[in-house]
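> What shape does this take:
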Amino acid sequence: MDLNFNKNEDHNKLLSAALRQKLVKVKLGGGKSRVEKQHAKGKMTARERIEYLLDPKTKNIEIAAFAGDKMYTEHGGCPSGGVVVKIGYVSGKQCIVVANDATVKAGAWFPITGKKNLRAQEISIENKLPIIYLVDSAGVYLPMQDEIFPDKEHFGRIFRNNAIMSSMGITQISAVMGSCVAGGAYLPIMSDEALIVDKTGSIFLAGSYLVKAAIGESIDNETLGGASTHCEISGVTDYKSKDDKDALDTIKNIFSKIGDYDKAGYNREKPLKPKEDPKELFGILPKSRAEPYDMREIIKRIVDDSLFEEYKKEYGKTILTGYARIDGWAVGIVANQRTLVKTKSGEMQFGGVIYSDSADKATRFIANCNQKKIPLVFLQDVTGFMVGSKSEHGGIIKDGAKMVNAVSNSVVPKFTIIIGNSYGAGNYAMCGKAYDPRLIAAWPSAELAVMSGNSAAKVLLQIEAASLKKQGKEITPEVEKELYDKIKARYDEQVSPYYAASRIWTDAVINPLDTRTWISMGIEAANHAPIEKKFNLGVIQV
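Next comes the predicted model:
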């Protein structure tokens, strides 16, 4: 290996180590003291509940672990959005588990908590994937109620989704393992079956204090809405469990009897490991965003047996398209090529930029994958579409629109991995979050923004400098550098993959070595949902 490979490897391994450290911190939830308080009440933490529930020695992936990262600092923060979401296996059946983390503000709902719960339900709905709710929440976080309560994508949407999911035949099981109050009380009761843990679980529209204030009745919470009340008197819940483990064992037992699902029929053969060493990904991906590399070398370390059947290899060279397998599943790959490439006419094209011919090729390939019922995988390292008079006169907007149209109307499941840059309209064309990928994850090397930090800082600097000049202020080189550094530092924070993950613009920041697991489990989930629509591009400019 050359010196450059070693430098890249050191840089990318450090990024992955930082990711691991951040995840360790996030997994502490509200902190060790609050975990101890949870244990003192005889309760498991959200993560302990999920770990006990999921089948041992099976793979799982966590959705939006960084939700709320560095947000709501004036309220004490909201690690992981106060809720843990994982896709895994219970009694051999793939499902999604949503567990309130009572160590974070007693499991109260922040705005990002609502967004994360809705994302979990969206994954369930798109894939017709069974969902388990482990409820332990104090309800809406009142200081921010105006940002979580009344709008379409707020708290109430969850109960609407419960009803829609039930009508779709999606299995929903709820276990009330702590507080379940006010509007939140509807979630478990709108599930197919509801469990409640004796002495620690409670369900009521209004707690004892509010009941006293509203109607003058004096009653304790256990009598008002405890396990005995709801299992023996109201009939609201279906099972009374003696403790957390008993409730989780009951869920396992219920899941063991669920029948098989209708399959979409995506092609799968016996999985093979890549021939090329996946650990070499760290050395292949450059430290510098200005440095080119061959995306084919990345693909070879992700796909089975390192086999990639390339489509239109000599045409539209700044996008790679082709067929492969990932963990046995057949996939169509659309990937940005960040090398300086020469066309047959002798013209040099900038890597990471989408040209008209590349967009045209990708559109055709996406249509082919829809025709053949092959899931699509997008590997993003894109700076945008090519600009300038030659591109504009050549119809770049028209060709870009065709590609966006194909991505938008695609009916096969799509999965997006952001490897490097994800800028501007390139993010859209390469199936960014707005284009409904079933799962979207970023490597620690990723950046998401309208443009790069350097470009944005230069544009914003010109605007700010012009404003200061109008005020009669002199812009010395020293002042200009200070302004530039200040603007770039602010912008660089916003392009970080963790900034995007904290707002659930992506589902996760992942170690590159976990890419195969994410895509494979994603396709397995998608296989629960047969395709019901036909692929139709609609009206396009040809």
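> low pLDDT regions in the stretch 101-250 of the chain?
Along the stretch 101-250 of the chain, the model assigns pLDDT under 70 to residues 183.
> Show the residue spans covered by the helices in it.
Per DSSP state H, counting those that start in this stretch, the stretch 101-250 of the chain carries helices over the ranges 111-127, 156-167, 186-189, 208-215, 221-225, 227-228, 244-255.
> got TSV for the ones you listed, with distance to residue 389 and mean neighbour count too?
(Glycine included, C-beta is placed from N, CA and C.) As requested, those are arranged in TSV below (distance: least, C-beta to C-beta, whole Å; neighbours: other C-beta atoms under 10 Å):
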stretch	distance to residue 389	mean neighbour count
helix 111-127	42	22
helix 156-167	47	16
helix 186-189	56	21
helix 208-215	67	12
helix 221-225	70	17
helix 227-228	72	18
helix 244-255	61	19
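> Strands of the stretch 151-300 of the chain, residue ranges please.
When assigned using DSSP state E, counting those that start in this stretch, the strands of the stretch 151-300 of the chain occupy the ranges 172-181, 193-197, 202-204, 239-241.
> Pick the most buried one from these.
Of all those, strand 172-181 has the most neighbours on average by mean count of other C-beta atoms under 10 Å, namely a mean of 26.
> now that strand against helix 156-167, angle please.
With axes from the mean of the first three to the mean of the last three C-alpha atoms, to 10 degrees as the basis, strand 172-181 and helix 156-167 are set at 150 degrees to each other.
> Walk me through which strands strand 172-181 pairs with, and which way each runs.
strand 131-137 (parallel), strand 193-197 (parallel), strand 202-204 (parallel) (DSSP bridges).
> so what's residue 402 up against?
If a contact means C-beta atoms under 8 Å, 6 or more residues apart in numbering, then residue 402 has 359, 360, 363, 537, 540, 541, 542 as its contacts.
> Below-threshold pLDDT in the chain: ranges please.
1, 183, 343-344, 346, 348-349, 542.
> Give the other helices and strands that the biggest helix by length in the chain contacts.
When the chain is parsed with DSSP state H, its longest helix is helix 3-26. When contacts are defined as 3 or more C-beta pairs under 8 Å, 6 or more residues apart in numbering; DSSP states H and E, helix 3-26 packs onto helix 281-284.
> Just the C-alpha atoms of the helix it packs on, please, in CSV.
Listed next in CSV are the C-alpha coordinates belonging to helix 281-284 (Å, rounded to 0.1, in the frame of the first residue of the first chain):
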residue,chain,number,x,y,z
LEU,A,281,-12.5,1.1,2.2
PHE,A,282,-10.7,3.2,4.8
GLY,A,283,-7.6,3.6,2.7
ILE,A,284,-9.4,4.0,-0.7
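> and for it, what are the contacting residues?
Judged by C-beta under 8 Å, 6+ apart, the contacts made with helix 281-284 from elsewhere in the structure are 1, 5-6, 8-9, 12-13, 16, 293-294, 297-298, 301-302, 512-513.
> So which of the residues you listed is the closest to residue 90?
Distance ranking of these against residue 90, using C-beta to C-beta, places residue 513 first at 25.5 Å.
> Doesn't that closest one lie inside a helix?
Yes - applying DSSP: H, G, I helix; E, B strand; the rest coil, one finds residue 513 inside a helix.
> Could you say which one of the strands paired with strand 172-181 comes nearest to residue 169?
Residue 169 sits nearest to strand 131-137 of all the strands paired with strand 172-181, at 12.4 Å, using C-beta to C-beta.
> what distance separates the strand or helix carrying residue 482 from the middle of the whole chain?
If you go by DSSP states H and E, residue 482 is part of helix 477-495. Averaging C-alpha coordinates over helix 477-495 and over its chain gives two centres that are 30 Å apart (C-alpha atoms, centre = their mean, to the nearest Å).
> what sits against residue 537?
The neighbours of residue 537, taking C-beta under 8 Å, 6+ apart as the test, are 367, 402, 405, 406, 409.
> Okay, and which of the residues you listed map to helices?
Secondary structure defined by DSSP H assigns 367, 402, 405, 406, 409 of the contacts of residue 537 to helices.
> Please identify which of those residues is nearest to residue 443.
For the ones in helices among the contacts of residue 537, the closest approach to residue 443 (C-beta to C-beta) belongs to residue 406, at 25.0 Å.
> burial measure for the closest one, as a count.
Each residue near residue 406 was counted by other C-beta atoms under 10 Å, and the total is 24.
> Quickly note the distance from it to residue 326.
Residue 406 sits 21 Å away from residue 326 when distances are taken as C-beta to C-beta, to the nearest Å.
> What of residue 452?
Counting by C-beta to C-beta, the gap from residue 452 to residue 326 is 30 Å.
> Neighbour count: these two, which is higher?
Taking residue 452 and residue 326 together and counting by other C-beta under 10 Å, residue 326 has the greater number of neighbours (25 against 21).
> just checking, that one touches residue 305?
No - in this structure, residue 326 sits apart from residue 305 without contact. The criterion is C-beta atoms under 8 Å, and the distance is 10.9 Å.
> Name the surrounding residues that touch stretch 367-378.
Under the criterion C-beta under 8 Å, 6+ apart, external residues in contact with stretch 367-378 comprise 264-267, 311, 323, 326, 329-335, 366, 406, 410-417, 430-431, 437, 519, 523, 526, 531, 535, 537.
> Can you show me the CA trace of that stretch as CSV?
C-alpha atoms of stretch 367-378 as CSV (Å, rounded to 0.1, in the frame of the first residue of the first chain):
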residue,chain,number,x,y,z
ALA,A,367,-36.2,2.3,-15.5
ASN,A,368,-34.5,-1.1,-16.2
CYS,A,369,-34.4,-1.9,-12.5
ASN,A,370,-38.0,-1.1,-12.1
GLN,A,371,-38.8,-3.3,-15.1
LYS,A,372,-36.9,-6.2,-13.6
LYS,A,373,-38.1,-5.7,-10.0
ILE,A,374,-34.5,-5.1,-8.7
PRO,A,375,-34.0,-2.8,-5.6
LEU,A,376,-31.9,0.3,-6.2
VAL,A,377,-28.8,1.3,-4.1
PHE,A,378,-27.5,4.9,-4.5
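> buried residues in that stretch?
Neighbour counts using 16 or more other C-beta atoms under 10 Å place 367, 369, 370, 374, 375, 376, 377, 378 of stretch 367-378 among the buried residues.
> Check stretch 307-326 too.
Taking 16+ other C-beta under 10 Å as the basis for neighbour counts, the residues of stretch 307-326 that come out buried are 308, 311-312, 316-326.
> Would you point out the most distant pair within these?
Put simply, by C-beta to C-beta the two of the buried residues of stretch 307-326 set farthest apart are 318 and 325, 24.6 Å from each other.
> gap between residue 26 and residue 186?
According to C-beta to C-beta, residue 26 and residue 186 sit 29 Å apart.
> How about residue 531?
Between residue 531 and residue 186 the distance is 32 Å, computed by C-beta to C-beta.
> out of the buried residues of stretch 367-378, who's nearest residue 108?
Minimum distance to residue 108 across these is 36.1 Å, recorded for residue 378 (C-beta to C-beta).
> so which strand or helix has that closest one?
With DSSP H and E as the criterion, the answer for residue 378 is strand 376-382.
> Can you tell me the strand partners of that strand and which way each runs?
Applying DSSP bridges, one finds strand 376-382 paired with strand 329-336 (parallel), strand 414-423 (parallel).
> Heading C-terminal from the first one, find the next helix or strand.
Stepping forward along the backbone from strand 329-336, the first helix or strand reached (DSSP H and E) is strand 341-342.
> still on that earlier bit, now tabulate the helices of the stretch 101-250 of the chain in a markdown table and tack on distance to residue 279.
Compiled in a markdown table, the helices of the stretch 101-250 of the chain are given as follows (distance: least, C-beta to C-beta, whole Å):
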| stretch | distance to residue 279 |
| --- | --- |
| helix 111-127 | 30 |
| helix 156-167 | 40 |
| helix 186-189 | 43 |
| helix 208-215 | 57 |
| helix 221-225 | 53 |
| helix 227-228 | 50 |
| helix 244-255 | 36 |
